[in-house]
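Enquirer: Predicted model and sequence below, questions to follow.
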Amino acid sequence: MSSKVKSLDKVEIRKIVFIPMVIIYAVIIVLGVVSPASFASAEGAIVNFAGQWFGWLYDLVALAMMFICIWMLFSKKYGDIVLGGKDAKPIMSKWNWFVISLCGGIATGIVFWGIAEPLTHLMSPIPGFGYEAASKEGALYSLSTSYMHWGPALYAFYCVAGIGIGYAVYNMKLPYRVSSCLYPVLGKRVNGVAGDIVDILCLFGLAGGVSASLGVASMQLGSGMNLLFGIQPTTLVWGIILLAIVVTFIISSYTGINRGVKFLSDKNAKIYIGLMIFVLVFGPTKYILNMTVEAMGFHLSNYFTQATYLGTFEGDQWPIWWTINYWSFMIAYTPLIGMFLAKIAVGRTLKEFTLFNFLLPGMFGVIWFGIFGSSAINLQMNGSQLWEGIQSGGLESAVFNFFANFPLSKLLSALFMITAFLSVVTLADSMTTTVSSLSINIKNNSTIEPPKNIKMFWGIVMSSVAFINIATAGKVGVVSGIDATKQLAIVSAFPLLFVVALMVYSTVKMLIKFKEYDVVDSPGTAIVDKNLIED
């Protein structure tokens, strides 16, 4: 977008959304500094309430997202709908589109949990499934559970939101906002108080989710610095790492999506692929290939049992700290990652959109966990002390203990740290752009970069919340730093759970009646309120 075009468009702060968010996060930051014990206690209470009373809804929403994506992949009638209308043209290559979707949706997720999660479930059996630690059944359950959390189900959340928002913005010509995809349910109220409330909840959830990811990244990078340079991870070290992340993604954000995010995603995805090939070649190759496929069959056979497990009879907290935690991260990101994915998908069919934003990145996650998880399981069951290393150094140390079993371990650890850094920078960059877009009023918002000072403001806010959260955990001593990031994700996403459930219903209704809502290809029959349509 040229500077001339930007200068012609008047940017205004969307005060009804911006001011409440500033107040909410100011209170959170002040409370975390002044009374960390109260901060931690409030988080814990909300987490327990959300998990115990609404765990069933988290699981049903996740299943609904999966069904919608599968529907789009195999439906010719709906899959052939083009975002922006039949004459719209794509704005980037399929490779760039894929890597932005891949890297923008996982942050530090697969790089942090690729070793830590399979090992945890292998050595600390999931309640209710009746297997013993370090057993064959434990190996299958550990990988299968990781596939469930980091495979297609993860991307289904983002994909469905992107479909709903993209169709509303490009085909119904509604404002570039999350609330626009709720038009089939709310009608013209999406442009009023109801729409503002939805967007406020989305901002709150997203800012909390990104803050949690920033916290995870800083802890893992701190563990890597301890291994490589002997620098003990402390609150100060975490703060310096967060500052470096913020400075980098703000610089990237200044260059815009077509330069910063595209460049970072491309390099990040290539490092991912290089690391997978290295571990496959120098690890127990035959075991990795066999275990990856066998666990896939086990995963498909037991998917619904695992995807709906809530510990009803065991009364255990495992579902809250794992599956519901993951769905909370997804829900926190869902609306605004959906906005971001919609922004770069104009000119694509819904089938293409689902392939590149659901199936391909989801299968990449399965392959990643298959390679890294199988290799870690094999090492642990053959005498390596990976689990013991986690007990002493925390989950954030798992991947570095893992690489110690490979040639060029120091180089691998350094490369991995670069990957983790680029991953969280890519996520923070794309999400800062989207948060900023939701904070302003401007004509053609979906195609224009938000002002740089707004991006900088949100970058500072989210990193501050991340720092307060992990520092509070260390100071109060109630939960670990990693558990603190899980709490933050669940707390920030809980109000948004109900919005996302409504988005699922609204998107399905929109697609089933797409001819009635399309003002681009069917302008004469569209029932959309003309006062809401953007030029």
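Expert: Here it is on my side, so go on.
Enquirer: Tell me, please, the helix or strand in the protein that averages the lowest pLDDT.
Expert: None of the helices or strands of the chain scores lower by mean pLDDT, DSSP states H and E than helix 3-8, at a mean of 39.
Enquirer: What's the first helix or strand after that one?
Expert: Following helix 3-8 in sequence order, the next helix or strand is strand 12-13 (DSSP states H and E).
Enquirer: which secondary structure elements does that next one contact?
Expert: With contacts defined as 3 or more CB pairs under 8 Å, 6 or more residues apart in numbering; DSSP states H and E, strand 12-13 has these neighbours: strand 440-441. Quick note: C-beta positions are derived from backbone N, CA and C, even for glycine.
Enquirer: so for the helix or strand following the strand it packs on, what's the average pLDDT?
Expert: Remark: after strand 440-441, the chain's next helix or strand is helix 452-476, criterion DSSP H and E. When pLDDT is averaged over helix 452-476, the result is 74.
Enquirer: list the buried ones in helix 452-476?
Expert: 454-459, 461-474, 476 (16 or more other CB atoms under 10 Å).
Enquirer: Tell me where the model's unsure across this structure.
Expert: Within the chain, the ranges that satisfy pLDDT under 70 run 1-9, 104-108, 253-260, 443-448, 472-486, 524-525, 534-535.
Enquirer: Now do the helices in the stretch 351-500 of the chain.
Expert: With helices called from DSSP state H, counting those that start in this stretch, the stretch 351-500 of the chain shows them at 360-381, 386-393, 398-403, 409-438, 452-476, 481-512.
Enquirer: export the ones you listed to TSV and tack on distance to D199?
Expert: Converted to TSV, these look like this (distance: least, CB to CB, whole Å):
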stretch	distance to D199
helix 360-381	26
helix 386-393	40
helix 398-403	37
helix 409-438	6
helix 452-476	14
helix 481-512	10
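Enquirer: Beyond the longest helix along the chain, next helix or strand please.
Expert: Ranked by residue count under DSSP state H, the longest helix found in the chain is helix 36-74. As assigned by DSSP H and E, the chain's next helix or strand after helix 36-74 is helix 76-79.
Enquirer: So which elements touch that next one?
Expert: On a contact count with 3+ CB pairs under 8 Å, 6+ apart, helix 76-79 meets helix 36-74, helix 350-354.
Enquirer: any idea how far the residue nearest to A161 when sequence neighbours are not counted is from P184?
Expert: Closest residue to A161 apart from its sequence neighbours, by CB to CB, 6 or more residues apart in numbering: G338 at 2.6 Å. Between G338 and P184 the computed distance is 16 Å (CB to CB, to the nearest Å).
Enquirer: out of the two, which sits in the busier spot?
Expert: Higher neighbour count among G338 and P184: G338, with 28 against 23, using other CB atoms under 10 Å.
Enquirer: Would you confirm that the more buried one contacts Y158?
Expert: Yes. If you go by CB atoms under 8 Å, G338 and Y158 touch, sitting 5.8 Å apart.
Enquirer: got the buried residues for the longest helix of the chain?
Expert: 36, 39-40, 43-44, 46-47, 50-51, 54-55, 57-59, 61-66, 68-69, 72.
Enquirer: tilt between it and helix 360-381?
Expert: Orientation check (axes from the mean of the first three to the mean of the last three CA atoms, to 10 degrees): helix 36-74 against helix 360-381 gives 120 degrees.
Enquirer: Name all residues that make contact with T248.
Expert: Listed by CB atoms under 8 Å, 6 or more residues apart in numbering, the contact set of T248 reads 421, 425.
Enquirer: what does stretch 464-471 rub up against?
Expert: Counting by CB under 8 Å, 6+ apart, 25, 28-29, 32-33, 36, 39, 207-208, 210-215, 218-219, 235, 238-239, 242, 481, 484-485, 487-488 sit against stretch 464-471.
Enquirer: among the residues you listed, which are in strands?
Expert: Per DSSP state E, strands hold no members of the contacts of stretch 464-471.
Enquirer: Just the buried residues of those residues.
Expert: 25, 28-29, 32, 36, 39, 207-208, 210-215, 218-219, 238-239, 242, 481, 484-485, 487-488.
Enquirer: Roughly how far does L395 sit from W321?
Expert: Distance from L395 to W321, by CB to CB: 12 Å.
Enquirer: what's the answer for L122, then?
Expert: 17 Å.
Enquirer: between those two, which one's more packed in?
Expert: Between L122 and W321, counted using other CB under 10 Å, L122 has the larger neighbour count: 25 against 16.
Enquirer: just the CA coordinates of stretch 171-184, formatted as CSV?
Expert: Provided in CSV are the C-alpha atoms of stretch 171-184 (Å, rounded to 0.1, in the frame of the first residue of the first chain):
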residue,chain,number,x,y,z
ASN,A,171,-18.0,-11.0,0.0
MET,A,172,-20.5,-9.2,2.3
LYS,A,173,-18.4,-6.0,2.3
LEU,A,174,-18.8,-5.6,6.0
PRO,A,175,-16.1,-3.7,8.1
TYR,A,176,-12.8,-5.5,8.8
ARG,A,177,-13.8,-6.7,12.3
VAL,A,178,-14.3,-10.0,14.1
SER,A,179,-17.9,-8.9,14.9
SER,A,180,-18.7,-8.8,11.2
CYS,A,181,-18.8,-12.6,10.9
LEU,A,182,-21.7,-12.6,13.5
TYR,A,183,-24.0,-10.7,11.1
PRO,A,184,-26.2,-13.7,10.4
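Enquirer: Surely W150 is in contact with W113?
Expert: Yes. Between W150 and W113 there is a contact under CB under 8 Å: 6.9 Å.
Enquirer: Stretch 209-219: how far from the chain's middle?
Expert: 11 Å (CA atoms, centre = their mean, to the nearest Å).
Enquirer: Now do that stretch: everything it contacts.
Expert: The contact list for stretch 209-219 (CB under 8 Å, 6+ apart) reads 107-109, 112, 233, 238, 241-242, 245, 329, 332-333, 394, 396, 420-421, 423-424, 427-428, 431-432, 462-463, 465-467, 469-470, 481-482, 484-486, 488-489, 492-493.
Enquirer: again, only using 6 Å
Expert: 107-108, 112, 238, 241-242, 329, 332-333, 396, 420, 424, 431, 462-463, 465-466, 469-470, 481, 485, 488-489, 492 (CB atoms under 6 Å, 6 or more residues apart in numbering).
Enquirer: Run through the residues that contact M172.
Expert: Contact analysis of M172 by CB under 6 Å, 6+ apart lists 517, 519, 528.
Enquirer: Could you count how many residues lie near the closest residue to V519 other than its chain neighbours?
Expert: If the residues on either side of it in the chain are set aside, V519 comes closest to A526, at 4.2 Å by CB to CB, 6+ apart. Using other CB under 10 Å, A526 has 19 neighbouring residues.
Enquirer: helix/strand/coil for A526?
Expert: Recorded secondary structure, A526: coil (DSSP: H, G, I helix; E, B strand; the rest coil).
Enquirer: Repeat that for the one 4 residues further on.
Expert: K530 carries the three-state label coil when classified by three-state DSSP.
Enquirer: how far away is it from V519?
Expert: 8 Å.
Enquirer: Tell me which residues touch the closest residue to I390 other than its chain neighbours, please.
Expert: Once flanking residues are discounted, I390 sits nearest to A398: 5.2 Å by CB to CB, 6+ apart. Residues near A398 by CB under 6 Å, 6+ apart: 115-116, 390.
Enquirer: If we use 8 Å, what do you get?
Expert: Contacts for A398 (CB under 8 Å, 6+ apart) come out as 115-116, 119, 376, 386, 389-390.
Enquirer: buried subset of the residues you listed?
Expert: 115-116, 119, 376, 386, 389-390.
Enquirer: for the helices and strands packed on helix 76-79, which one sits closest to V504?
Expert: helix 36-74 (4.9 Å; CB to CB).
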